[in-house]
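J.: No letters, just coordinates:
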């Protein structure tokens, strides 16, 4: 249920809001994993990770830095408060928090099933449960899957491959470290937003994304 909820919130965020102001907030997943990994699995992260957290937060500030005025120090906190008020950013922060739980719980589940088996099993359960849920609540939306079947199958194959390799990777290292590498995808999302949807301020957004990726990479150091 948590994974499906995160999926629905994720899709709503990228559908209704700019990629550059939504995808980068997935960088908060390893920040949240520091807490959930410690509470649920007893995993501890190096104190250097605190510097990574600060870089992630500063990257989030830079994404919304248009709300700040250099000569008005009282406005310097405005970019962080804008995160709370921006619906797309708020949705993706919720996704990051949910993923911090599902990632840690997934690693815990692999104590009972090898990753090569758990990855396909988990993907199969999601693949069956999600259409049943959507079909029960919005049956007409399932018809949209058949309008472009090959495009949907291509996306599904990519998601399936991601899930399997996700669990193969997460067995090798601490959850926060693996998620840190995985979050480099937000840089590609910023570029795609500029190239495909003509989103503005790509330079500032890309710099903020680099800072956030650098921050999550600090966990792996």
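T.: Perfect, thanks for sending it. Since this is a predicted model, take the numbers as computed values, not measurements.

J.: list the helices and strands the helix or strand hosting residue 159 packs on?
T.: In this assignment (DSSP states H and E), residue 159 forms part of helix 149-170. If you count contacts as 3 or more Cβ pairs under 8 Å, 6 or more residues apart in numbering; DSSP states H and E, helix 149-170 packs onto helix 87-109, helix 115-137, helix 175-182. The C-beta positions use only the backbone N, C-alpha and C, and glycine is treated the same way.

J.: give me that answer again for 6 Å
T.: Secondary-structure packing of helix 149-170 (3 or more Cβ pairs under 6 Å, 6 or more residues apart in numbering; DSSP states H and E): helix 115-137.

J.: By mean pLDDT, point me to the weakest helix or strand of the chain.
T.: For the chain, scoring each helix and strand by mean pLDDT, DSSP states H and E identifies helix 78-85 as the least confident one, at a mean of 68.

J.: What are the neighbouring residues in contact with the residue nearest the centre of the chain?
T.: Nearest to the geometric centre of the chain sits residue 26, at 3.2 Å (Cα atoms, centre = their mean). By Cβ atoms under 6 Å, 6 or more residues apart in numbering, residue 26 lies in contact with 96, 183, 186.

J.: now the residues you listed: which count as buried?
T.: Using 16 or more other Cβ atoms under 10 Å as the burial test, these include 96, 183, 186 as buried.

J.: so which helix or strand takes in the last one?
T.: It stands for residue 186. Per DSSP H and E: residue 186 is located in helix 185-197.

J.: That helix vs helix 87-109, what angle?
T.: Here the directions of helix 185-197 and helix 87-109 differ by 140 degrees (axes from the mean of the first three to the mean of the last three Cα atoms, to 10 degrees).

J.: Name the residues that touch helix 185-197?
T.: The contact list for helix 185-197 (Cβ under 6 Å, 6+ apart) reads 19, 20, 23, 24, 26, 199, 202, 205, 206, 209.

J.: Could I get the contacting residues of the third one?
T.: Residue 23 makes contact with 186, 189, according to Cβ under 6 Å, 6+ apart.

J.: where does the chain have low pLDDT?
T.: Under the criterion pLDDT under 70, the flagged ranges of the chain are 45, 65-82, 175-176, 179, 219-221.

J.: Secondary structure class of residue 113, three-state.
T.: What DSSP: H, G, I helix; E, B strand; the rest coil gives for residue 113 is coil.

J.: Disregarding flanking residues, what is the spatial nearest neighbour of it?
T.: Of all residues not flanking residue 113 in the chain, residue 121 sits nearest, at 6.8 Å (Cβ to Cβ, 6 or more residues apart in numbering).

J.: what about the closest residue to residue 99 other than its chain neighbours, helix or strand, and which?
T.: Closest residue to residue 99 in three dimensions, ignoring its sequence neighbours and counting by Cβ to Cβ, 6+ apart: residue 29, at 4.8 Å. Applying DSSP H and E as the criterion places residue 29 in helix 28-41.
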